[in-house]
Structures are given as C-alpha cells and as structure tokens.
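# sequence plus the predicted model coming up.
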Amino acid sequence: MAERELTYGEAVKEAIAEEMRRDPRVFLIGEDVAEAGHPFKTLTGLVQEFGTDRIVDTPISEPGYAGIGVGAAMTGMRPIVDVMFGDFITLTMDQMVNQAAKVHYMSGGKIKVPIVFRTTLGATRRSAAQHSQSLHAWVSHIPGLKVALPSGPYEAKGLMKTAIRDDSPVVIFEDKMMYRVKGPVPADDYTIPFGVAEVKRAGTDITIVATSSMVGVALGAANLLEAAGISAEVIDPRTTWPLDKQTLIESAKKTSRAIVVDEGYERYGVTAEIASVIAEGAFYHLDAPVKRIGAMDVPVPFSPVLEDLTVPTEKSVAEAAKVLCRKA
Amino acid sequence: MATNVIMPALEMAQETGKVVHWLKRAGDSVQKGEPLVEIETDKVTVEIEAPASGVLRDVSANEGDVVPVGQTIALILAPSEAGVARAAATVMPAASAAATGAVPMAPAAAAASGGASAGAVKASPLARKIAEQHGVDLARVKTASGRVEKADVLAYVEGQKASPSSGNGRAARLAPASPKARRLAAERGVDLGAVRGSGPGGAVLALDVPTTPRPAMAAPATPRVGAPTVGTVWRIMAERMTTSWTTAPHFYLVREVNVSRLASWLERARQQTGAHITYTDLLVKLVAAALAQHPRVNASWKDGAIVQNTDINIGLAVAIDDGLVVPVIHRADTLGLAQLAARREDIVSRAQAGKLRPADIQGGGFTISNLGMYGVDAFNAIVNPPQAAILAVGRIADRVVALNGQPAVRPTLVLTLSCDHRALDGARGAQFLGALAELVEEPLALLV
C-alpha cells in the first residue's frame, strides 16, 4: 500500500486535531482561525469538531491574545497561539520574551508555560515587506524559548505534536510557501524530538545545513552538485533551539566544508550562529571558511522580480558550494 | 628552466621504486650532485643525487610512495625562477611578524618622507589628507590625469595591502592556509611555507599537504640532548641489519687458513703490477673464483624461492664516519688484480667522501667484511640482505699450528662465513668455504 501523503498544511492541522482530541487542555487562539479556517486554510474544519470554545477567534490584537495565551498556559492550559504572519511576532515580543520565556525561571520552577506560538516565515508570496520576513532568529536568541522549523509535511506534524506536549514555550515557524507541498505523513501518533538534526542526504565533500524550506533548496542544490562531481551532505537541524551541535560539527569534520542556508536575514542571523558553531567545533578540520547564505539584507520587495532575488536558490547554493570546493 | 627529478631505474628488471626518504624538502635549495632522495628497490636503498642546482619544488612522490621508473617525482627550479616563488612563500615567525607589525610607517615619518616630493604633485586636498593618513608618498601614486584624487590614493593603499612583499618594511605574514591544512601540516611535520597552495590567494588547502607522515625514526619527537644525530647511512644500516637479523636465520662456518702462500703472492703481485694491491684484493679474486665454483652461494632467498645471480658482484663492507656502506665490485671474476685494486681504491675513497653513486652499491651478490686491520681475530658478520652469505675476515697473525705432528708457527687467518639458512645449508656453505680455504692456502689453484 502506498504511503499516505498529506500537504504540509494538512499535516499541521492533523497534528493539532490529534493533540486536541488527546488532551482537553489544548486550545487554539488567534485571528480568523475559526469560521475562516485561517487565511492559509490550514485550520479548516477544526472549529466544527472542537467548537468555538477551543478554536477561539480574537479581535486583531496580537499582544492581547498572546497575553491571554501566556496567562492560560501559566494556569494549566496548553494554548496554541496563532500568529498569522511571522512579521507580527514583533507585536508579541513582551508576551513571548519577557513573560513566557521567563516565568518558569523567575517562579523558581513553580510555574510552567506550556504554550505554542504558531507562526510563519518565508518570502516570494508577493506579500511585500511587512508580510514576508523570516524572523525566527529573533526568538532563537532568547533563553527559555524553543524554536522549531518544520521542513516538510512529515516534520510539520511531528514537530507540532512535540511542541504541544512540551512544557516550555515553543515557537514554531511554518513556511507559508510550503502549505501545499505534499509528502508522506504517517497516520500514527508520532513525534519528532527537539534538538535532533536529521541528515537528509549523506555526502562527503561539503555539508549544507539548511532550515525549513531551505532544506528543499539544499537538496536541489545537492542534485546539481552531484552532476558537478561534488557530494553534498544535507542536514536539517529541525530546531534552532535546542540545536544539535554535535551532528553539525561531526558532518563538517567529515566533509571539511560547510554552507549554512536559512531564509532569515543573513546578518546577525541563524546562519551566523550555526556557522559559528561549526567554525568553533570543527575548526581544525575545515578546509574553507564556513559560508552563510541567508536572505538579502533588505526589506523584502513587493516586485516579484526583485523579491525572487532576495532568497537563496538551488543554483545560488550550488554555486557557492562549488566555490568552496574549488570547482567553480 | 626546471629540471625533472625522475624515479631512476637502478636495476635491469626494475619497474618501480619506493621513495624512502626525502633528504631535501620542497623549497630547499639544492646543489647539483647533492644527495636528494633515498630510493629503495627490493634489493638496495640508494641516495639519488640532484640532477641540477636550484630549488626543489613540486615534490609529487611522498615518502613511502611506490612510483613507476621514469616518472617525475619533483622539479628543480633554476635559482632565478625559484627566487620569486621562494620570496612569496617566505614565512616569518609569528613573533617577529608581530614585532614589526602591520603598520607600514609611523605617520610622522611618512609625512616627513613624503613631504618633499609630495609638494610638487598635483593632488586634491582630500587626496592629500588621505595620503597623509595612510602614510602614502603622493609622488608614488600613478594617475591617468596627472592629478591625484581620493580614489587614486585609496587604490594605491589597497594595492599595497594586496602585495605585502612589495611594501617597504612590511612584515611577511603567516603563509595562508586553511585550518585543516595547518593541522595536517603540523601532524605530518610539513613546512607550510614550502607547500604550493591551490586555494584562494595561494592558500594551502588540505589536499596540498603531502599525505605521508615522515618516518618516526627520521624525526624523533624528543631527541635527547647531546645524543648524536642519526644520519641516513646509519638509519639504512639499522633498518637493513634489523631486517636481516630478524628474518634471515643465520649460521656460521669458521676456518683457520694458512696464508704463507697468500703473502708471497701479494709480494709478487705488487712487484709485477706496481699497483698497491692488498690482501683484500687477493681475497676478492679468490672469493670470485670460489663463487664461480659454487654458484649456489651467489644467490638470494626471495619469495619462497632461491634466485641465483648471473654475475659475480662482490661487495666490500666499508666503514665511514656515518656508518657502514657496501660498495660493489661488479663482475669481480673478470678483473685482474690491478683492476680490482683500482676499483677498490676508487669505491672506498668515494664511500669515505660520501660520493657513492647508485650504481656503486647496487647488484652485490656476496659481501666481504674485513676487520683484520683492527686486530680482530675473528667475528660473526650479519648477512647483508638479500644476499645468502657474507665472509668475515680477521687479522693475519703468526699462530701455532700442527704441522706433520709437530707444533709450528705459521701466518694464519680466520675466515667466518655467515649464511642465510633459507638460501644455503651447512653442507653447501662448508663446500664453498672449503674451496675458498684451499685457494687461500694455494692460490696457484686459480690457474687450473
């Protein structure tokens, strides 16, 4: 029997639905999440099953409902706070960074905040500068927050279920351009552990660490590189925190070269952090500088032509790899 | 003009040679005729001389590599062309690099030195200010228009940065290399400054670092203070003797022989030829004759079979300052005494001068080691692999011998034959030694 396939969006919804059935404390709150089924249609049908008590539509006020979520988590619920666009997490920073991330520590461990912030990243949707950013580096910076970046439908379900069951605040970034991407997703109740990277493709000449939708880009680049006689290893960290440093370092030690690809802004970004981890851990095994490839350091343009230039592509990643391998 | 260093053919049927040890490293300057590299075949280890003078480069065969005969294993660049490459690769110790620093000149000094000539140069005020900040002499900045502008000065400054060797007094920097290449070089004892890098800006990458670690024996990690350093000759001796002692089962046959007739022959031969003939020359002649009678002794044990040599080539163990070498008198059975003496004098003097050529030490089938001049009565020598036997010769002395039932005093010599029991047995060794003893006691037998 062929493996069951779901879209990325369906996988997210299945994870949420399964967890809501399993645990009555789980509820979802956000804008246009109930009757509308979310602007990205990822939640369609949930309100019919769980009712408006558990799929809660709110006014347009991210700080408000994020605060409700943190409070609910502190008092025993397990909320999923839906922030439609990752750009809007800027409005929830106090709730995430100063409250959710700190309460467990500042209460001496007495209070847990088992909250999930569900939001998006990714450009090329022609959504312009305020709806196209990938701001996961902002929260990856904060001790007390865990950050997951599912790279496909399988990861979307497994990481979401882990996030919901985790007793710490988790921010999960879905790439809004991947919602229609299909892939095998087991119907079982499975989870993907945080802090465990997955080697998506084994190789010997260069390590490409990629996050979220950049994993697909990296795998495409690896195919291009194979034709050029370069064997690329592609690694998906799956969570930027906790970060599976060991797998990254071991791979870089093996291949002697590394590229980090992420759709966040390149400067001061996730790529910089991971590149630094590799440079420190594998320094004496590196035969080339660790290369960062992030989004161009500009407000994301609305013009499709310009917008497409700001993100890493299979070709640009492959070209960078060739340069590092001295085969350009 | 670069000269190729090729893997030489040291023997007729040789197809490959093994690089045992580079006596020079890439980047070293070498003189023509200077020992360059040790090459090992299955029979011998020899030093190959530099075919030209210059700087050794592009060493493509690493120690331990087995290379086909005729293949280029390195280049020697003529001093003129090497000079440039060498300068670029020069490495300064980090400490002195730090001491001289990256500061090109003190600003004050620069302004003073630039002042005189800069005054005459047309330059924008901004260019002048920037030149002063960077200590640039405006007269040295070239422009198309003749008027120096900001961009010209900045371009000049960049250019100076890009070519550190051209900068006056600018410190040479650490040779560019990847961290991995640096680590590998350290592990393998490779001087990065001598490696030509294939990376950006000539940076040495992991691939560029020669792969084979140097033999531990050649570079002891912590040499004892005051311990004599071990030279190549000594190391080869140590290795070959260890090989022989641990792989060839030895046995020894001893005979005392009367040398009365040998002494009179020596006197006669000296008179007749006028050459400085020695007992060793006579022994070479006699051993060659004995080997002709008993060719099984002129053989080797190789890969489970006895391989007989076609020619009678006799090696002489020669002590030199660095250790022991065994130059060979080829086809000794075809040479007259005067020729043998001339050949012996030639190879012994060149051995002592360290000027043996590969041909001088290859192809030996039997070795004579004579310690008589040191007053040694007799000794057991170690077989010189892959040969089957070695003759140890003691001193000639008047000794009491039984003659017709009466003690008598005669000049005698003790011959000890050491044999590799894989190639020889006691009876065959004894037959050879017997034939040799008869020849020594009655050299006239040569005539039969």
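It's in.

# measure the residue in the stretch 201-350 of chain B that chain A sits nearest to to B:Arg183 for me?
Closest residue of the stretch 201-350 of chain B to chain A, Cβ to the nearest Cβ: B:Ala206 (4.5 Å). To be clear about C-beta, it is placed using only N, CA and C from the backbone, and glycine gets the same treatment. B:Ala206 sits at a distance of 9 Å from B:Arg183 (criterion: Cβ to Cβ, to the nearest Å).

# between these two, which is the more surrounded one?
B:Ala206 (22 against 17; other Cβ atoms under 10 Å in any protein chain shown).

# chain center to the helix or strand containing A:Val12: distance?
Under the criterion of DSSP states H and E, A:Val12 resides in helix A:8-22. Relative to the mean C-alpha coordinate of its chain, helix A:8-22 is positioned 17 Å out (Cα atoms, centre = their mean, to the nearest Å).

# for that helix, which outside residues touch it?
A:6, A:26-28, A:40-46, A:49-50, A:54, A:80, A:118, A:150, A:152-154, A:156-158, A:160-161, A:164-165, A:174-175, A:178-183, A:185, A:189 (Cβ atoms under 8 Å, 6 or more residues apart in numbering or on different chains).

# let's see that with 7 Å instead.
A:6, A:26, A:28, A:40-43, A:46, A:49-50, A:54, A:80, A:152-153, A:156-157, A:160-161, A:164, A:174, A:178-181, A:185, A:189 (Cβ atoms under 7 Å, 6 or more residues apart in numbering or on different chains).

# and for stretch B:59-77?
Contacts of stretch B:59-77 (Cβ under 7 Å, 6+ apart): B:2-9, B:14-22, B:26, B:30, B:50-52, B:54-58, B:85, B:210-212, B:214-215.

# chain center to it, what's the gap?
With Cα atoms, centre = their mean, you get 14 Å for stretch B:59-77.

# okay, buried residues for that stretch please.
B:59, B:61-63, B:65, B:67, B:69, B:73-77 (16 or more other Cβ atoms under 10 Å in any protein chain shown).

# max-length strand in the chain?
You didn't pick a chain, so chain A it is. What stands out as the longest strand in chain A, according to DSSP state E, is strand A:258-265.

# look at chain B instead
Under DSSP E, chain B gives strand B:406-420 as its longest strand.

# can you list the residues that contact the following helix or strand past it?
As assigned by DSSP H and E, the chain's next helix or strand after strand B:406-420 is helix B:426-441. With Cβ under 7 Å, 6+ apart as the contact definition, helix B:426-441 has outside contacts at B:251, B:253, B:255, B:257-259, B:261-262, B:286-287, B:289-290, B:293-294, B:296-297, B:389, B:415, B:417, B:419, B:445-446.

# element containing the nearest residue to B:Pro443 once chain neighbours are set aside?
With sequence-adjacent residues excluded and distances taken as Cβ to Cβ, 6 or more residues apart in numbering or on different chains, B:Pro443 is closest to B:Trp265, at 4.9 Å. In the assignment (DSSP H and E), B:Trp265 maps to helix B:260-273.

# for the very next helix or strand once past that helix, buried residues please.
Remark: after helix B:260-273, the chain's next helix or strand is helix B:279-293, criterion DSSP H and E. In terms of neighbour count (16+ other Cβ under 10 Å), helix B:279-293 has its buried residues at B:279-291.

# between those residues, which sits nearest A:Gly195?
Comparing the buried residues of helix B:279-293 against A:Gly195 with Cβ to Cβ picks out B:Leu291 as the nearest, at 77.9 Å.

# name all residues that make contact with the closest one.
Here B:Leu291 is in contact with B:297-298, B:312, B:366 (Cβ under 7 Å, 6+ apart).

# how near is it to B:Gly202?
58 Å.

# can you give me the strands in the stretch 51-200 of chain A?
With strands called from DSSP state E, counting those that start in this stretch, the stretch 51-200 of chain A shows them at A:55-57, A:78-82, A:116-121, A:146-148, A:170-175, A:182-184, A:198-201.

# ok, B:Val284 touching B:Ala332?
Yes: if you go by Cβ atoms under 7 Å, B:Val284 and B:Ala332 touch, sitting 5.3 Å apart.

# joint contacts of those two?
B:314, B:340.

# dump the residue contacts of B:Ala332.
B:284, B:288, B:312-314, B:340.

# with distance to B:Tyr374 and pLDDT added, can I get the residues you listed in TSV?
Formatted as TSV, the contacts of B:Ala332 follow (distance: Cβ to Cβ, whole Å; pLDDT from 0 to 100):
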residue	distance to B:Tyr374	pLDDT
B:Val284	19	95
B:Ala288	25	95
B:Ile312	27	95
B:Asn313	26	95
B:Ile314	21	96
B:Leu340	22	94
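
# separate out the buried members of the contacts of helix A:8-22.
A:6, A:26, A:28, A:40, A:42-43, A:46, A:50, A:54, A:80, A:152-153, A:156-157, A:160-161, A:164, A:174, A:178-179, A:181, A:185.

# could you pull out the helices in chain B for me?
Under the criterion DSSP state H, chain B contains helices at B:79-89, B:94-100, B:107-118, B:125-134, B:150-162, B:179-188, B:232-247, B:260-273, B:279-293, B:337-352, B:358-361, B:426-441.

# look up the closest residue to B:Ser254, ignoring the ones flanking it.
Let me fix one detail, which is that residue B:254 is Val and not Ser. B:Thr416 (4.9 Å).

# now for that neighbour: which residues touch it?
Per Cβ under 7 Å, 6+ apart, neighbours of B:Thr416: B:252, B:254, B:378-380, B:392.

# most surrounded residue in these?
B:Ala392 (24 neighbours).

# if I look at that residue, how far off is B:Ala288?
In terms of Cβ to Cβ, B:Ala392 sits 17 Å off from B:Ala288.

# cool, B:Ala238 as well?
In terms of Cβ to Cβ, B:Ala238 sits 30 Å off from B:Ala288.

# and the helix holding B:Trp265, what does it pack onto?
helix B:279-293, helix B:337-352, strand B:406-420 (3 or more Cβ pairs under 7 Å, 6 or more residues apart in numbering or on different chains; DSSP states H and E).

# the nearest residue to B:Gly197 once chain neighbours are set aside pairs with what?
Nearest residue to B:Gly197, sequence neighbours excluded (Cβ to Cβ, 6+ apart): B:Val204, at 3.8 Å. Here B:Val204 sits in beta bridges with B:Ala177, going by DSSP bridges.

# can you report how many residues neighbour B:Val204?
What B:Val204 shows, counting by other Cβ under 10 Å, is a neighbour count of 27.

# go ahead and confirm it touches B:Asp191.
No: checked against Cβ under 7 Å, the pair B:Val204 and B:Asp191 is beyond contact range at 10.5 Å.

# can you tell me which residues contact the residue most central in space within chain A?
Centroid-nearest residue in chain A, with Cα atoms, centre = their mean: A:Leu149, separated by 1.7 Å. The contact partners of A:Leu149, taken as Cβ under 7 Å, 6+ apart, are A:136, A:173, A:211-212, A:238-240.
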